[in-house]
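*Asks:* fold the following.
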Amino acid sequence: MAFQIPKINYTGKIREVTLGTGPKAVKVGGESCYPFYLFEGEMPNLPRIAFEVWDYEPEEWQEWASEPFKDVIGDPAAWARKCVEVYGAEMIALLLKSADPNGMNRDVEDVVKTVQAVAAAVDVPLLVWGSVNDEKDAVLLRRVAEVCEGKNLAIGPVVEKNYKQIGAMAIGYGQTVMASTPIDVNLAKQLNILLGNLGMPEDRMIIDPTTGGLGYGLEYTYSVMERDRMAALTQEDAKLQQPIVCNMANEVWKTKETKVTKADNPKLGDEKKRSILMEAVTAMNLLVAGADILIMRHPESISLVKEMIGELTS
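*Replies:* The predicted structure follows:
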């Protein structure tokens, strides 16, 4: 008798969430099986990659990280446009780093103008990532939701301390939220329940489980994301049946392995190739754990990951 691959009977399904509007709108989620287990179910919407764009020129980036964008890196709108027109970006993730009270602490209205400029410059879905300061984001992301009404942005990180303020505005202005919790299945479920009680539609919620880079907490993130997907697909846990976004680029590119040059440590090899592979390997680990959206930095890393997604789904 021919060998038959044992198969799991999945009783759950990941919800579909649509980001953006018009012909370039993107659907994520919809899986009825574990990641890339196409012999057991379907992945109607392949994982998507959002190009990372900062709202100011990052001075701390490695030369080999900023090189692809060196002609536009001081202009977030032009930077986002280049990602779309030159590198074929399907999504843009705008990180509002300059709003951080512990950093530049830019005024909310100034930052909002940058968001509007980027939103006007591209016709692909836009993810807007706040300052990661709960109090500042409660004000900032509410304004972003308001001024970008009708664009169906994904805004976050929305956390337990500010979900009421941001969630209410997202509901009112038709935006999607990225619900962020610190690498814990139960906390992710709890925040989804709170947002649901607030009135947030289930098809406008994405889970951010928080992630680390390769060798810096990735293993813990992987196991938690696995548990998220197991609960959603095999235990019919409706509160975890949301797509997952991983804001991973900054976590990878801040590690020492992406900063040390070959001259400083010849054993580590070429710094550019090493950094690109660090990002690509981190990305693939997150994809096989269940990520639906990855926020990535380098075009060559993104190209490698897209190629691997194609091979796994062909």
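*Asks:* flag every buried residue along the top helix by length along the chain.
*Replies:* The longest helix of the chain (DSSP state H) is helix 271-289. By 16 or more other CB atoms under 10 Å, the buried positions in helix 271-289 come out as 271-272, 274-289. Glycine gets a C-beta too; all of them are placed from N, C-alpha and C.
*Asks:* now do that helix: which elements does it pack against?
*Replies:* Counting contacts by 3 or more CB pairs under 8 Å, 6 or more residues apart in numbering; DSSP states H and E, helix 271-289 packs against helix 63-66, helix 218-234, helix 249-253, strand 293-296, helix 299-313.
*Asks:* restricting to C-alpha, output the longest one in CSV.
*Replies:* By that I understand helix 218-234. Extracted in CSV, the C-alpha atoms of helix 218-234 (Å, rounded to 0.1, in the frame of the first residue of the first chain):
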residue,chain,number,x,y,z
LEU,A,218,13.1,34.6,18.2
GLU,A,219,12.6,31.1,19.6
TYR,A,220,10.2,32.4,22.3
THR,A,221,8.2,34.4,19.7
TYR,A,222,8.1,31.3,17.4
SER,A,223,6.6,29.1,20.1
VAL,A,224,4.0,31.6,21.1
MET,A,225,2.9,32.2,17.5
GLU,A,226,2.7,28.4,17.0
ARG,A,227,0.4,28.2,20.0
ASP,A,228,-1.7,31.1,18.6
ARG,A,229,-2.2,29.1,15.4
MET,A,230,-2.8,25.8,17.1
ALA,A,231,-5.5,27.4,19.3
ALA,A,232,-7.1,29.2,16.3
LEU,A,233,-7.1,26.2,13.9
THR,A,234,-7.4,23.0,16.0
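*Asks:* packing partners of the next helix or strand after that helix?
*Replies:* Per DSSP states H and E, the first helix or strand lying C-terminal to helix 218-234 is strand 245-247. Strand 245-247 sits against strand 154-158, strand 205-208, strand 293-296, with contacts defined as 3+ CB pairs under 8 Å, 6+ apart.
*Asks:* can you list the residues that contact the helix or strand following the first one?
*Replies:* Think strand 154-158. Counting by DSSP H and E, the next helix or strand C-terminal to strand 154-158 is helix 163-173. With contact meaning CB atoms under 8 Å, 6 or more residues apart in numbering, helix 163-173 is reached by 137-139, 141-142, 145-146, 148-150, 155, 158, 175-177, 179, 191, 194-195, 198-201, 204.
*Asks:* next: stretch 67-80.
*Replies:* Contacts with stretch 67-80, where a contact means CB under 8 Å, 6+ apart, come from 51, 53-58, 66, 81-83, 87, 89, 92, 94, 114, 117-118, 120-122, 298-299.
*Asks:* from those, list just the buried residues.
*Replies:* By 16+ other CB under 10 Å, those give 51, 53-58, 66, 81-83, 89, 92, 94, 114, 117-118, 121-122, 298-299 as buried.
*Asks:* quick one: which helix or strand includes Met178?
*Replies:* strand 176-180.
*Asks:* note down every partner strand of that strand and its orientation.
*Replies:* strand 154-158 (parallel), strand 205-208 (parallel) (DSSP bridges).
*Asks:* out of those, which is closest to Ala25?
*Replies:* strand 154-158 (11.9 Å; CB to CB).
*Asks:* now do the same contact list for Ile206.
*Replies:* 17, 28, 154, 156, 176-179, 242-245, 292-293.
*Asks:* before we move on, back to that, just the residues contacting the strand holding Met178, thanks.
*Replies:* 17, 19, 127, 129, 152-159, 163, 166-167, 170, 188, 191-192, 195, 200, 204-208, 210, 242, 245.
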